[in-house]
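Student: I'd like to go over a predicted model; first the sequence, then the structure.
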Amino acid sequence: MLLEVNQVLDAAELAMIRQKLAEAEFDDGRITAGYQSAQVKRNRQLAETHPLAREIAEYIAQTVQRHPLFITGALPRRIFPPLINRYEAGMDFGLHVDNALRGRSEPLRTDVSCTLFLSEPGEYAGGELVVEDTYGSHAVKLAAGDMVLYPASSLHRVTPVTRGVRLAAFFWVESLIRDDSRRNLLLNLDVAIQSLTRKQPDAPELVQLTACYHNLLRMWAET
Ligand SMILES: O=C(O)CCC(=O)C(=O)O
Ligand SMILES: [Fe+2]
């Protein structure tokens, strides 16, 4: 499942984050890459230990969790602190899969991968996030402040940036629902229940549908 969550950050929040990042020193992106992905990773990244990285990570992690579609789509159990990357002209990230586990003490299982775009599409050429699934390749390039969620199990890449600079926050979610197809089913059920609630708040089926949602969640959730 590829899920777009729009307007996670508003213009003022983006300006604040962008201004802070404008002064920051970025390192080689391979600092967090596994063996295979390091071979194909050509970007810059703010070190996790950088005080600014911690401040921005905290801010973004709090903000995404206020977004109902993020909660419904990811059903987060734990969020890995968001990292910031930067692709300048000539940089890209070849086909790879994200590491299954992140962090040393109490490793987080990466179920959902997220990219939150911090640059507007017009600020750079190229730089699409391309995610492979059983239905083919999907190229994603969103407005600044928008985010895409995709299964961490999928192969993906970032096409070469040929002009300008692409800034993004990226992070992983350990979900209450490990399996992508189950998570997707719950998302669709939840969205349908919410839509029916808006259209027909007194529909008697709502109680059964809500029971189905919670009982599936109870059956599958790993807490
Ligand atoms: O920059 C992106 O959109 C994705 C980055 C990525 O795939 C990674 O760091 O593993
Ligand atoms: Fe990745």
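Tutor: Here it is on my side, so go on. Ligands and ions are numbered 1, 2, ... in the order given.
Student: Point me to the helix or strand that includes whichever residue of the chain sits closest to ligand 1.
Tutor: Using Cβ to the nearest ligand atom, the single residue of the chain nearest to ligand 1 is Thr115, 3.6 Å away. For glycine as for every other residue, the C-beta is placed from the backbone atoms N, C-alpha and C. For Thr115, the element it lies in under DSSP states H and E is strand 112-117.
Student: ditto for His138
Tutor: Assigned by DSSP H and E, His138 falls in strand 136-140.
Student: Measure how far whichever helix or strand comes after that strand is from the centre of its chain, please.
Tutor: Using DSSP H and E, the helix or strand that follows strand 136-140 in sequence is strand 147-151. Centroid separation for strand 147-151 versus its chain: 4 Å, with Cα atoms, centre = their mean, to the nearest Å.
Student: Paired strands for strand 147-151, with orientation please.
Tutor: strand 3-5 (antiparallel), strand 112-117 (antiparallel) (DSSP bridges).
Student: so which of the ones you listed gets nearest Asn184?
Tutor: strand 3-5 (8.7 Å; Cβ to Cβ).
Student: For that closest one, list every residue counted as buried.
Tutor: Within strand 3-5, the residues that qualify as buried are Leu3, Val5, counting by 16 or more other Cβ atoms under 10 Å.
Student: chain center to it, what's the gap?
Tutor: 9 Å.
Student: just the angle between whatever helix or strand comes next after it and strand 112-117, please?
Tutor: Next helix or strand after strand 3-5 toward the C-terminus (DSSP H and E): helix 11-22. Relative orientation of helix 11-22 and strand 112-117, computed by axes from the mean of the first three to the mean of the last three Cα atoms, to 10 degrees: 90 degrees.
Student: Pull out the buried residues from helix 11-22.
Tutor: Neighbour-count burial for helix 11-22 [16+ other Cβ under 10 Å]: Leu14, Ile17, Leu21.
Student: domains of this protein?
Tutor: Using automatic domain parsing, the domain parsing of the chain gives 3-175, 180-220.
Student: To which secondary structure element type does the closest residue to Leu118 other than its chain neighbours belong?
Tutor: Once flanking residues are discounted, Leu118 sits nearest to Leu167: 4.1 Å by Cβ to Cβ, 6 or more residues apart in numbering. Put simply, Leu167 is strand when judged by DSSP: H, G, I helix; E, B strand; the rest coil.
Student: need the contact list for Leu167.
Tutor: Contacts for Leu167 (Cβ atoms under 8 Å, 6 or more residues apart in numbering) come out as Arg18, Leu21, Ile84, Asn85, Arg86, Leu118, Ser119.
Student: Then Leu69?
Tutor: With contact set as Cβ under 8 Å, 6+ apart, Leu69 has these partners: Leu3, Val5.
Student: Kindly confirm my reading that it is in a strand.
Tutor: No: counting by three-state DSSP, Leu69 is not found in a strand; it is helix.
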